[in-house]
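Visitor: build the 3D model from these lines:
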Amino acid sequence: MMKNVKRIFSTLITKTVFKIFISVCLFIALIYLGLFWNFHRARRPLVSADLNYLWFAGQQDKNVLHPKDIFNFGKNGQIIKEIGLKEFLSWSLKGTGLVPSYEGWDSCFVYDQALSAFVFTYFDDFPRAKRIFDFFHKQSLKQRKTIGYFRAFTDAYERTGKEHETWAAGPNGWLLMALNYYTYKTGDRTYFDLSKKLADWLLHLQSINGGIIGGYYGNGLPMTWISSEHNFDCFAALRDFGRLWDQDLYLKRAKDIQFWLEHDAWNARQTRFNMGRNNKFYATDQSSWAVLSLGEKYKNTFDFAYKYSQCQHRYEVNDVLIDGFDFGSAYDTSPYPDKDAVWLEGTGHMVVALFVAGETKKAEYFLGELKKAETKSEKHKGAKGLPYATNEGTPVFGSWLMQDRPLSVAGTSWFIFAKNQFNPFCMDQKLSPANNLLASLNYEPDFHFVPIVDDFETTHIKFETAYWDEYKISQKAEIEKKWINQEDGNDYMQIIFTPETDTRIAMGKIERKFMIEQDWSPFENFTVRFLGDGSSNVLKIKVKDKEGEMYEIPIFARDVKWNSYTFRLPDDFSRDRNDGVTYGNNVFDTDAIIGIAFEVTSKTSTKSILGLDDIVLKGKKQQASGNATLEQINQKELSP
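Guide: Numbers count the residues shown, from 1 in each chain. You can find the predicted model right below:
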């Protein structure tokens, strides 16, 4: 009896376990089939037989987790830890829409996402372009929810959506350019809010002299350097956003950028653009992007590229010799490219620029050279692309190495642009009318800082970049400046002067140059507010005229409170006999001021923390050449 019961009970358990096992297997199989169905559904239909377009489509389609990778618990656990379970499930089922920058890689640089969106839009594959834009739209909403404001997009994301550090102007400018082109071509107004957020973020990076600064570091501090490369694309992005949405403010700010490029970055002696503010290095895109954004009037910069960038190197993958252009160098021995590789992306830049400039024969020649580098994909059947360069080579500042493997978004996209004579710097391909619109605006950039020379009522970015050039000179001391942002809005500049211990005489000077000459001759008085610290140190405000002669006024630091001082122009200023100028006329030429300096001297090794505010010209004799700072103009136009 007991044996029969045990046998029956054992049989029931066995059948139950077997049924559970079969049910679990069926459940897993259904999930797996569902994942396979979703994996293939996530891949968009193809709209072109172009082999380079097929490569881009393959790259985007690869950015959905393959079902066979679902059970890679080690790797997936790390991804979940980085981006969270919700984001992981979203990515694994739908993908992010991002396009990995290199074949087989996970990193997706924002610049490359913009290029990919251009490619998909060019081939009328609008759903694929929208997948990219939708990712950034969601990121912007996520920022508002988590940090309360829009801070633009980091330079790169992993294909899972994990973000990197640093937020640079250039990549965000390119994303705005891609949005402009998509909106212009489709008439789809979906991304206006995203586009405006990007445009406004770029505006807040604009220096008083018009140039857009680099962006922000990962620690939140601004990159106060100003790059010509970034400003070429920010110029095009803001100009086309203004045209597209009929917004004059953005057209004016684009014109300000153009003014900075043509007055600060332009190197008239060498007929080319410098790399940026206080930076005379050269990279090839300073020639190509100048033409692509500002027009064929800068095609004379090509000669510099032919001389300092053009080179030949063998592309071993296809066993061909390619004639093209290098990128840059480490700049440790020369300010020019080292010609150690052909930069295929940059050669594509040059081809498009040559077409824009009407140099058709040369454009076709270098296009033929690029075709030699077209390579079959190892990951995407039937597709072809281009790597970044013909061989390992140094880009700008040698921070990484250009590679001949794997195939790249940058190299392939610019090959597509080159063979189709497509200029991504102009949404409607009508570059001359676009730039002529700026020329016809009833607006001219006014960088004459009169009567307000500096009231420091600005932002950290504009404080750090207010002048065309700035440098420090010191003897047995250190000197620093700091922008003090007060709650009551009465901001000012603080000067921290630290002499060496037990030194008899110490000096520190901060000299700031204007981008264009300033005319102070219509004014009778130079006024300033000064905060001393009770020391015996002396602050000298020095003004430099067009001949380089320095004229100065001393203010003693004895009073520990804010005082206002008025000095007659030019009578109260005396010549600085140590300015080193022997060729001048020994006359304070107030009609052509080129710089202002703040010098602290000490005879007692005493540290000073001083304040300066409201440097203003008063007692107007006649109408001045300007009557407001660019910052005031910005505030007026940006106010509701």
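Visitor: residue boundaries of the strands in the stretch 151-300 of the chain?
Guide: Along the stretch 151-300 of the chain, the stretches classed as strands by DSSP state E, counting those that start in this stretch are 156-158, 167-168, 213-216, 222-226, 266-267, 272-273.
Visitor: what's the longest one packed up against?
Guide: For strand 222-226, the elements it packs on are strand 213-216, helix 460-464, judged by 3 or more CB pairs under 8 Å, 6 or more residues apart in numbering; DSSP states H and E. For every residue, glycine as well, the C-beta is placed using N, CA and C.
Visitor: go through the strands of the stretch 151-300 of the chain and pick out the most buried.
Guide: Across the strands of the stretch 151-300 of the chain, averaging neighbours per residue (mean count of other CB atoms under 10 Å) puts strand 272-273 on top, at a mean of 25.
Visitor: off-centre distance for that strand?
Guide: On the basis of CA atoms, centre = their mean, to the nearest Å, strand 272-273 sits 18 Å off its chain's mean C-alpha point.
Visitor: what is that strand packed up against?
Guide: Based on contacts counted as 3+ CB pairs under 8 Å, 6+ apart, the elements that strand 272-273 packs against are helix 285-294.
Visitor: mean confidence score for the helix it packs on?
Guide: pLDDT averaged over helix 285-294 equals 98, rounded to a whole number.
Visitor: and Ile496, helix, strand or coil?
Guide: Reducing the assignment to helix, strand or coil with DSSP: H, G, I helix; E, B strand; the rest coil, the entry for Ile496 is strand.
Visitor: gap between the nearest residue to it once chain neighbours are set aside and Leu531?
Guide: Nearest-residue entry for Ile496: Glu480, 4.7 Å, with adjacent residues in sequence omitted and distances by CB to CB, 6 or more residues apart in numbering. Separation of Glu480 from Leu531 (CB to CB, to the nearest Å) stands at 16 Å.
Visitor: which one of the strands of the stretch 151-300 of the chain lies closest to His460?
Guide: Minimum separation from His460 across these (CB to CB) falls at strand 222-226, 6.2 Å.
Visitor: so Lys362 touches Phe355, yeah?
Guide: No - here Lys362 lies out of contact with Phe355, judged by CB atoms under 8 Å, at a distance of 9.4 Å.
Visitor: for the helices and strands packed on strand 222-226, give me CSV that also has distance to Leu176 and mean pLDDT.
Guide: Below are those laid out as CSV (distance: least, CB to CB, whole Å; pLDDT from 0 to 100):
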stretch, distance to Leu176, mean pLDDT
strand 213-216, 14, 94
helix 460-464, 19, 84
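Visitor: burial of the closest residue to Tyr315 other than its chain neighbours, as a residue count?
Guide: Excluding its sequence neighbours, the residue lying closest to Tyr315 (CB to CB, 6+ apart) is Thr390, at 4.2 Å. Thr390 has 31 neighbouring residues, counting by other CB atoms under 10 Å.
Visitor: quick one: pLDDT of Thr390?
Guide: Per-residue pLDDT puts Thr390 at 97.
Visitor: any idea how far it is from Asp200?
Guide: Thr390 is 40 Å from Asp200, where distance means CB to CB.
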